[in-house]
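> Return atomic coordinates for the entry below.
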Amino acid sequence: MVHVQSLDPTASPLDYYGWELRRQREAHGLKQSQLGEIIFCTGSLVGQIETTKKVPTRDFSERVDAALGTDGLFSRLIGLVLRSQLPTWFQPYAEMEAKAAYISTYQAQLVYGLLQTEEYARAVLGVDHHSEPDDMVAARMERQRVLHRDQPPALWVILSEGALLLQIGGRDVMRRQLGHLLGFLANPWVNIQVLPFTRGQHTGMMGTFTLLRFDKDPDLFYTDGYDQGHMTANPQVIKERSVGYARLQASALSPEDSAALIARVMEERYGERLRTEEPGLA
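Here you go, the predicted model:
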């Protein structure tokens, strides 16, 4: 059992969150059960979060701020806490992604993380993170908040047609995921293109990659690996990959034609099956 008294608030964002939650609760003269009643959860959950046994959610944090009058303290902390739940090797990229003014990415198999539905993300992350999918999913959903800022980054996503066809989480999950992509059509800061199989060889055949551009800092190139990612600001790499991405954009369907293809796949591949079938037919 981890006792709050033994927590080092400088050890991690999660440790600091638990330490600060207990400090604020006691400053208001509340027991764990009393705070739980106020924010509509159990005292046990409050205790688990105070001792880092449980990762808090954004909803929990907002309710604590409202109950204790902490002026958004826990709502600000939760971003750091959830980001710390990402794989250590991925955290530097997530930090830079959150600061980028322009994100351009090519995705060879999956929908880009910032555009994933929660159930799609859960299916993807559940493959390698059976014991902690909730925390990983919450961290991925937290990343998406960047798209809802007053000044969001410009996001350009090129998806291989394979990302539309790889059935993640089942038919219903995929249908809702593709519908979610279509929901970005009216968003002026998000552009989605599909690179069809018929284009043949292309400059993204080496796999998924992302380019991040900033208002003041140097551009960054990021590529995924099986158990780690690689990020560099090497000017030559940036130049080569930027040209490669421009070629991908030219090869891909237009955003309008891409939306039409997504809608067609959504209907034809993931639409409702017929309720009745002719006898004798499989």
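
> Just the element for residue 16, please.
Secondary structure from DSSP states H and E places residue 16 in helix 13-27.

> oh sorry, the question was meant for residue 212
Per DSSP H and E, residue 212 falls inside strand 209-213.

> Same question for residue 215.
Short version, using DSSP H and E: residue 215 is in no helix or strand.

> didn't it look like it was pressed against residue 101?
Yes. A contact is recorded between residue 215 and residue 101 when judged using C-beta atoms under 8 Å, the distance being 5.0 Å. Where you see a C-beta, it was placed from the backbone N, CA and C, and this is true even at glycine.

> Compare these two (neighbour count), which wins?
Each of residue 215 and residue 101 has its neighbours counted (other C-beta atoms under 10 Å); residue 101 has more, 14 against 8.

> check contacts around the more buried one.
Residue 101 makes contacts with 153-154, 213-215, as judged by C-beta atoms under 8 Å, 6 or more residues apart in numbering.

> Could you pull up the contacting residues of the residue lying closest to residue 66 once chain neighbours are set aside?
Nearest residue to residue 66 in three dimensions, chain neighbours excluded: residue 39, at 7.8 Å (C-beta to C-beta, 6 or more residues apart in numbering). Neighbouring residues of residue 39 by C-beta under 8 Å, 6+ apart: 60, 63-64, 66-67.

> Give me the buried subset of those residues.
Buried subset of the contacts of residue 39 (neighbour count, 16 or more other C-beta atoms under 10 Å): 60, 63-64, 67.

> about what we covered before: following the strand holding residue 212, which helix or strand comes up?
Counting by DSSP H and E, the element after strand 209-213 in chain order, helix or strand, is strand 220-223.

> now that following strand: how far from the chain's centre is it?
Distance, stretch centre to chain centre, for strand 220-223: 17 Å (C-alpha atoms, centre = their mean, to the nearest Å).

> ok, then the element right after that strand?
Next along the chain after strand 220-223, taking DSSP H and E as the criterion, comes strand 230-232.

> And for the helix or strand following that next one, what's in contact with it?
Sequence order places helix 235-251 as the next helix or strand after strand 230-232, per DSSP H and E. For helix 235-251, contacts defined as C-beta under 8 Å, 6+ apart pick out 104, 106, 156, 158, 193, 195, 199, 202-204, 209, 211, 218-221.

> in helix 235-251, what counts as buried?
Under the neighbour-count criterion of 16+ other C-beta under 10 Å, helix 235-251 has 237-238, 241, 244-245, 248-249, 251 buried.

> of these, closest to residue 259?
Among these, residue 249 lies closest to residue 259 (C-beta to C-beta), at 15.6 Å.

> Do a quick rundown of the helices in this protein.
Assigned by DSSP state H, the chain shows helices spanning 13-27, 32-38, 43-50, 58-68, 73-83, 91-99, 118-125, 133-143, 161-165, 171-182, 235-251, 255-268.

> any idea of the mean pLDDT in the longest one?
Think helix 235-251. Averaged over helix 235-251, pLDDT sits at 96.

> can you state the direction angle for it and strand 209-213?
With axes from the mean of the first three to the mean of the last three C-alpha atoms, to 10 degrees applied, the angle from helix 235-251 to strand 209-213 works out at 110 degrees.

> Let the chain start at 325 from now.
From this message on, residue numbering opens at 325, which makes the last subject helix 559-575.

> Tell me how many other residues crowd residue 418.
By the criterion of other C-beta under 10 Å, residue 418 has 19 neighbours.

> Might you report the residue contacts of it?
By C-beta under 8 Å, 6+ apart, the contact set of residue 418 is 407, 410, 467.

> picking up where we left off before, so which elements touch the helix holding residue 340?
The elements that helix 337-351 packs onto, with contact taken as 3 or more C-beta pairs under 8 Å, 6 or more residues apart in numbering; DSSP states H and E, are helix 367-374, helix 382-392, helix 397-407.
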